[in-house]
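sharing a model prediction with you, sequence too.
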Amino acid sequence: MNETKNKEYQLNNYRIEKINNKFLITTDHGSWCFLNKEDFDLLIKEGFQEKPELFNVLEEKGIILTNENKDKIIKLLKDRFHFLFQGTSLHIIIPTLRCNQKCVYCHASSKPIDDKGEEMDEETAKKTVDFIFQSPSKTIIIEFQGGEPLIKFDIIKYIINYAKKLNKEKKKNLVFTVVTNLTLMNEDKMNYFIENSVGVCTSLDGPAELHNKNRPFMNNVESYKFTEKWIKRFTEEYKKKKIENRKMNALITITRESLKYPKEIIDKYVELGLKDIHLRFLNNLGDARPVWESINYSPEEFINFWKKSIDYLLEINKKNIFLRERTCFIILRKILTNIDPNFLDMRSPCGAAIGQLTYTPNGDIFTCDEARMVGEDIFKLGNTKKDTYKKILTSRQTCGIITSSINDSQICDSCAYKPYCGICPVCNYMEQGSIIVNILKTARCKIYKAQFTYLFEKLQHPEYKKIFVDWIKKSE
Ligand code: SF4
Ligand code: SF4
């Protein structure tokens with residue numbers, strides 16, 4: 001007997017993307033499936049009650065809603081947007097804008113090492129930590145960025161001490177990280193970071209010749225040797241001290257020059273024993289702006305490079321060498337699990353203000369790290385010396401920016417990748433001079449679309465799916 005024939009159902013909201021000769025169907029709560037042409041036609045015509053096995057798949061995925069699955073689908077939707085109810089967790093503090101490198105794409109518009117510009121003093125540091133602890137988030141991550149933050153190691157220590165002191169009463173899950181070019185690292189600082197459980201993240205753009213070209217050190221000294229030395233040293237020390245939950249992290253920024261090195265970049269990360277690589281495209285921010293034409297590339301050129309790199313990475317993983325690409329990892333967690341990984345730059349609304357805030361040396365508050373790099377005050381929300389967290393988070397300006405990061409435009413609303421995607425008001429503003437844009441013309445939309453399609457295609461192959469599942473299982 002056909003038990004589905006008279007079963008009551010309601011069609012859920014779904015979106016379609018044709019990939020090769022199959023139809024990808026996605027839902028707001030993140031479930032998805034591929035249908036062949038025959039089943040797709042039955043979905044469109046609502047003829048699936050005649051085919052119980054199709055009805056069951058659609059019910060299981062929540063593409064149709066029934067009395068049996070509705071509670072599960074509501075829970076999945078709630079879980080997917082869990083981040084909306086948390087409060088700001090990531091707080092990026094800029095102790096100084098000075099730096100001893102002059103990277104070709106420096107988004108932070110760093111100042112020369114001998115600049116007499118503004119540095120964070122103890123009073124501002126204290127007010128900033130007081131402000132941060134007003135966030136209702138149970139987790140507080142304080143991340144030090146720059147300039148080169150190790151130039152103000154004294155302020156880093158002051159902030160860590162003061163935050164720890166406040167936390168005796170607040171009892172938050174308090175986490176510290178520092179993003180450094182490693183050129184000022186020494187044994188004492190390394191020991192301090194390890195003893196105080198401060199995560200360390202650096203930049204590694206690939207093999208020495210590429211890294212040195214993208215990230216020149218002052219006085220023509222090559223920066224690569226510092227990076228390699230300290231990545232190895234930290235890794236060795238973590239191992240020696242049996243610290244298993246901590247690893248050295250490195251970020252890479254892809255310039256036009258980098259496009260020549262898809263394999264060499266991966267090989268360098270493998271050689272240094274790193275477990276994650278994040279092939280990030282350039283943003284037209286800070287010092288990248290005046291040289292944009294010489295360092296940038298088209299979205300198509302980037303995607304071509306990215307696909308070549310991932311194809312190579314997958315071949316390496318097939319040989320049981322573990323190295324995971326972070327954009328893939330973020331997207332795959334959205335596709336293959338029920339929980340959004342809460343990556344602030346790829347979610348809707350994005351992390352601006354509600355997920356992260358950034359504090360400059362004088363205590364100015366920006367919606368996010370990228371926002372301070374625009375060179376205008378459009379994303380500046382206030383100052384820690386005079387404003388409260390509540391005032392900042394409820395202001396019309398903040399709400400307007402958050403709203404502009406929700407991917408609910410007509411275009412996004414008909415895109416199959418909407419449940420997993422996110423838009424960036426800062427990048428939109430830099431590309432089109434407004435936070436409301438023609439989304440299809442943005443580089444991010446073109447790149448994300450191609451990345452989603454690539455991953456959904458690869459998921460059709462069991463050998464690649466196995467690697468992807470393995471990447472997710474070994475979560476951070
Ligand atoms: S505005 Fe852009 S850079 Fe800032 S948090 Fe949102 S997505 Fe990220
Ligand atoms: S930004 Fe582009 S890829 Fe993302 S949901 Fe909107 S249309 Fe789709």
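Received it, and whenever you're ready, just let me know what you need. Everything numeric here is computed off the predicted structure, so don't read it as measured data. Ligands and ions are numbered 1, 2, ... in the order given.

from here on, contacts and neighbour counts on C-alpha atoms
Noted.

quick one: list the elements packing against the host helix or strand of residue 73.
Using DSSP states H and E, the element containing residue 73 is helix 70-80. Using 3 or more CA pairs under 8 Å, 6 or more residues apart in numbering; DSSP states H and E, no helix or strand is in contact with helix 70-80.

which residues sit against it?
If you take CA atoms under 8 Å, 6 or more residues apart in numbering as the criterion, helix 70-80 is touched by 28, 29, 30, 62, 338, 339, 340.

most neighbours, which of the residues you listed?
Greatest neighbour count in these, by other CA atoms under 10 Å, goes to residue 62: 28 neighbours.

which ones are touching that one?
Counting by CA under 8 Å, 6+ apart, residue 62 makes contact with 12, 27, 31, 69, 70, 73.

pLDDT at the fourth one, what is it?
Among the per-residue scores, residue 69 shows a pLDDT of 97.

ok, so of the contacts of helix 70-80, who is nearest ligand 2?
residue 28 (11.5 Å; CA to the nearest ligand atom).

ligand 1 versus that closest one, what's the distance?
According to CA to the nearest ligand atom, to the nearest Å, residue 28 stands 20 Å off from ligand 1.

show me what contacts that residue?
Residue 28 neighbours (CA under 8 Å, 6+ apart): 13, 14, 77, 418, 419.

restricted to buried residues, select those residues in ChimeraX.
Only the buried entries of the contacts of residue 28 go into this ChimeraX selection, using 16 or more other CA atoms under 10 Å:
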select :14,77,418,419
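
and which of the contacts of residue 28 is nearest to ligand 2?
residue 418 (3.8 Å).

rewinding a little: the contacts of helix 70-80 in helices, which ones?
Judged by DSSP state H, the subset of the contacts of helix 70-80 located in helices is empty.

so what's the gap between the helix holding residue 73 and the chain middle?
24 Å (CA atoms, centre = their mean, to the nearest Å).

got the CA coordinates for whichever helix or strand comes after that helix in CSV?
Using DSSP H and E, the helix or strand that follows helix 70-80 in sequence is strand 90-93. Once non-C-alpha atoms are left out, strand 90-93 reads as follows in CSV (Å, rounded to 0.1, in the frame of the first residue of the first chain):
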residue,chain,number,x,y,z
LEU,A,90,35.4,38.3,19.4
HIS,A,91,37.1,41.6,20.6
ILE,A,92,40.1,42.7,18.5
ILE,A,93,42.4,45.2,20.2
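
so what touches strand 90-93?
Contacts of strand 90-93 (CA under 8 Å, 6+ apart): 132, 140-145, 355-361, 368-369.

stretch 316-334 now?
Applying CA under 8 Å, 6+ apart, the contact partners of stretch 316-334 are 30, 269-270, 274-279, 310, 313, 339-341, 343, 420, 451-452, 455, 467-468, 471-472.

who's in contact with residue 413?
By CA under 8 Å, 6+ apart, the neighbours of residue 413 are residue 407.

ok so, going back, may I see the buried residues of the helix holding residue 73?
73, 76, 77, 80.

CSV please, covering the contacts of residue 28 and showing distance to ligand 1, secondary structure and pLDDT.
As requested, the contacts of residue 28 are arranged in CSV below (distance: CA to the nearest ligand atom, whole Å; DSSP: H, G, I helix; E, B strand; the rest coil; pLDDT from 0 to 100):
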residue, distance to ligand 1, secondary structure, pLDDT
13, 25, coil, 96
14, 25, strand, 98
77, 21, helix, 94
418, 15, helix, 97
419, 15, helix, 96
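
could you dump the contacts of residue 28 to CSV with distance to residue 20?
Converted to CSV, the contacts of residue 28 look like this (distance: CA to CA, whole Å):
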residue, distance to residue 20
13, 23
14, 19
77, 29
418, 20
419, 21
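
and the contacts of residue 28 as JSON lines, adding distance to ligand 2?
Listed next are the contacts of residue 28 as JSON lines, based on distance: CA to the nearest ligand atom, whole Å:
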{"residue": "13", "distance to ligand 2": "15"}
{"residue": "14", "distance to ligand 2": "13"}
{"residue": "77", "distance to ligand 2": "17"}
{"residue": "418", "distance to ligand 2": "4"}
{"residue": "419", "distance to ligand 2": "7"}
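
quick check: bridge partners of the spatially closest residue to residue 416 that is not a sequence neighbour?
Using CA to CA, 6 or more residues apart in numbering and skipping residues adjacent in sequence, the residue nearest residue 416 is residue 15, 4.8 Å away. Beta-bridge pairing for residue 15 (DSSP bridges): residue 26.

contact residues of this protein facing ligand 1?
Proximity of the chain to ligand 1 is confined to 344, 345, 350, 351, 352, 368, 370, 371, 423, 424, 425, 426 under the rule CA under 6 Å from any ligand atom.

let's see it at 8 Å
With CA under 8 Å from any ligand atom as the criterion, the chain meets ligand 1 at residues 344-347, 349-353, 355-356, 367-371, 401, 405, 422-427.

keep those residues, but drop any that are not near ligand 2.
Within the set of these, contact with ligand 2 (CA under 8 Å from any ligand atom) is found for 422, 423.

for ChimeraX, what selects the buried ones among the residues of the chain next to ligand 1?
Typed into ChimeraX, the line below selects the buried ones among these, using 16+ other CA under 10 Å:
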select :344,345,346,347,349,350,351,352,353,355,356,367,368,369,370,371,401,405,422,423,424,425,426,427
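
residues touching stretch 225-245, excluding its own?
With CA under 8 Å, 6+ apart as the test, stretch 225-245 has contacts from 181-183, 185, 190, 202-204, 208, 246-248, 272.

widest-spaced pair of those residues?
Greatest spacing in those, by CA to CA: 208 and 246 (25.3 Å).

so residue 340 touches residue 29, yeah?
No. Using CA atoms under 8 Å, residue 340 is not in contact with residue 29; the gap is 10.2 Å.
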